[in-house]
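**Student:** Prediction below, plus the sequence it came from.
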Protein chains: 2
Amino acid sequence: MAEASARARRAAERRQQILDAARTVAEAEGWAAVTSRRLADVIGYTQPVLYAHFAGGKTEIMRTVALGGFTELAAAMRGAVGRKTGVRAVTAVAGAYLDFAAAHPSLYEAMFQLPIDARFAQEDAETELRSAFEALAAVLGDGHDETATEVLWSALHGMSLLERAGRMRPEHHANRVAELAARFGSDHG
Amino acid sequence: MAEASARARRAAERRQQILDAARTVAEAEGWAAVTSRRLADVIGYTQPVLYAHFAGGKTEIMRTVALGGFTELAAAMRGAVGRKTGVRAVTAVAGAYLDFAAAHPSLYEAMFQLPIDARFAQEDAETELRSAFEALAAVLGDGHDETATEVLWSALHGMSLLERAGRMRPEHHANRVAELAARFGSDHG
DNA sequence: TAGATCTTCTAGCACTGCTAACCTAAGGCG
DNA sequence: CGCCTTAGGTTAGCAGTGCTAGAAGATCTA
């Protein structure tokens, strides 16, 4: 028993090591640099060990990293909003969202570029995704169905990607957030 | 001279062949299937021929395909809007945009996932990009600076990606377009 | 017809994700 | 204690990727 749990613990530790390595390398050099040989090197083992912990290979590793990202994003949004309401709440959540995407571009990429196969506005979605969606829905206040939240999410997602891709004028970042908050912070039929 | 132009014409034809092949294969099987060997096969030559026409390799081929996509997108948006104004114009342009993205997912992917290195709201941007941006700006009417257009573009871009990724409820597509039009079709300080 | 040039191919490099087969070290048990 | 099973790790290799150097072939020029 003690042996078995020790075994399991060591396995869990290495599993976490792999995830940490993947995220670290990805953030530093992009996902293209996250190769199986590279990860094996970082954790001090050889390639096939990765497949012992993640049968799905690189894809499953990315997916796991991505789910952790949703948890972090949800926390960041909730922390930024606090007890604010209306335009101020939307401004806060938008700022937190865009800051998160800008600070962890590779993590964000894994979260959205990857087919995680789940809708946000759906009860049986992964709890990580659902939690992030609800943090966003909260700022729109009552009287709004989930459609409005989907649209707000769309705008934030698109903006973060276009800003990162250099398609938006960087000096107008604050203006865009204000514009967005004005259009989503007050009511519309 | 006639020989030289014949030579040039044949080169241009093969160049176009390569672009067509890339787009066809990409639309059918995704960009991962667009390999240099595959393209060479389709046009009936061997790999190195591709590099004679596109020194930048696969990246340059994708970039060229992408620029053509912007021209098509701009035309689709202008055609859909016609002489409409206000909420009806935004609805039309949003519909055209999202339809385009849904109809040509791989082309759209190349247009935005690739670092084309240009901002939309910028005078010296590639004319293809600039044209598409202006088609979008037109529906917002006068009295709006380019910030509002950037935000609208963000929302459309994000929505098209999230719908394609399966993160949005498909049956609420029309609701999202209506929601978006309501928030962008009327004035806001 | 001889020579220069332009075009195309063969062959191969260094890399990718992934896997089969072997080898070794540890744990369970008579 | 010593055997035997099993889990964990390794080496070696497959099929595929983008890309390129150098040889061979076709075509136009003089």
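**Tutor:** Nice, thanks for sending it over.

**Student:** and the residue of chain A at minimum distance from DNA strand C, what does it touch?
**Tutor:** Residue of chain A nearest DNA strand C, by C-beta to the nearest atom of the strand: A:Gly57 (2.3 Å). Heads up, the C-betas are built off the backbone N, CA and C, glycines and all. Counting by C-beta atoms under 8 Å, 6 or more residues apart in numbering or on different chains, A:Gly57 touches A:36, A:50-51.

**Student:** filter these to the buried ones?
**Tutor:** A:36, A:50 (16 or more other C-beta atoms under 10 Å in any protein chain shown).

**Student:** Hmm, A:Ala26 and A:Arg38 touching each other?
**Tutor:** No - A:Arg38 is beyond contact range of A:Ala26, at 10.4 Å (criterion: C-beta atoms under 8 Å).

**Student:** Who has more neighbours out of these two?
**Tutor:** More neighbours surround A:Ala26 than the other of A:Arg38 and A:Ala26, with 22 against 14 (other C-beta atoms under 10 Å in any protein chain shown).

**Student:** And the more buried one, its phi and psi?
**Tutor:** With angles defined as degrees, to the nearest 10, A:Ala26 sits at phi -60, psi -50.

**Student:** May I have the secondary structure class of the residue in chain A that chain B sits nearest to?
**Tutor:** Nearest residue of chain A to chain B, counting by C-beta to the nearest C-beta: A:Gly158, 2.9 Å away. What DSSP: H, G, I helix; E, B strand; the rest coil gives for A:Gly158 is helix.

**Student:** Give me the neighbour count for it.
**Tutor:** Residue crowding around A:Gly158 was assessed by other C-beta under 10 Å; the count is 26.

**Student:** Name the nearest residue to it, sequence neighbours excluded.
**Tutor:** B:Gly158 (2.9 Å; C-beta to C-beta, 6 or more residues apart in numbering or on different chains).

**Student:** do the same with A:Val139
**Tutor:** A:Ala89 is the one closest to A:Val139 (C-beta to C-beta, 6+ apart), at 4.0 Å.

**Student:** Any idea how many residues pack against the one you found?
**Tutor:** 21.

**Student:** same question, A:Glu179
**Tutor:** 24.

**Student:** isn't it right up against B:Asp145?
**Tutor:** No - with contact defined as C-beta under 8 Å, A:Glu179 and B:Asp145 do not form a contacting pair (9.3 Å).

**Student:** Now do the contacts for A:Gly158.
**Tutor:** B:153-159, B:161.

**Student:** what separates it from DNA strand D, distance-wise?
**Tutor:** Here the criterion is C-beta to the nearest atom of the strand, to the nearest Å. By it, A:Gly158 lies 28 Å from DNA strand D.

**Student:** Pull up the gap between that residue and A:Ile18, please.
**Tutor:** Taking C-beta to C-beta, to the nearest Å as the measure, A:Gly158 falls 32 Å from A:Ile18.

**Student:** And A:Gly141, by the same measure?
**Tutor:** From A:Gly141 to A:Ile18 the distance is 42 Å (C-beta to C-beta).

**Student:** okay, the two: which has more neighbours?
**Tutor:** A:Ile18 (22 against 14).

**Student:** Who are the packing partners of the strand or helix carrying the more buried one?
**Tutor:** Secondary structure assigned from DSSP states H and E places A:Ile18 in helix A:2-29. Helices and strands touching helix A:2-29, by 3 or more C-beta pairs under 8 Å, 6 or more residues apart in numbering or on different chains; DSSP states H and E, are helix A:36-43, helix A:47-53, helix A:57-81, helix A:105-113.

**Student:** A:Leu140 against A:Trp153, yeah?
**Tutor:** No - between A:Leu140 and A:Trp153 there is no contact under C-beta under 8 Å: 10.6 Å.

**Student:** who has more neighbours, these two?
**Tutor:** The neighbour comparison of A:Leu140 against A:Trp153 (other C-beta under 10 Å) goes to A:Trp153, with 24 against 21.
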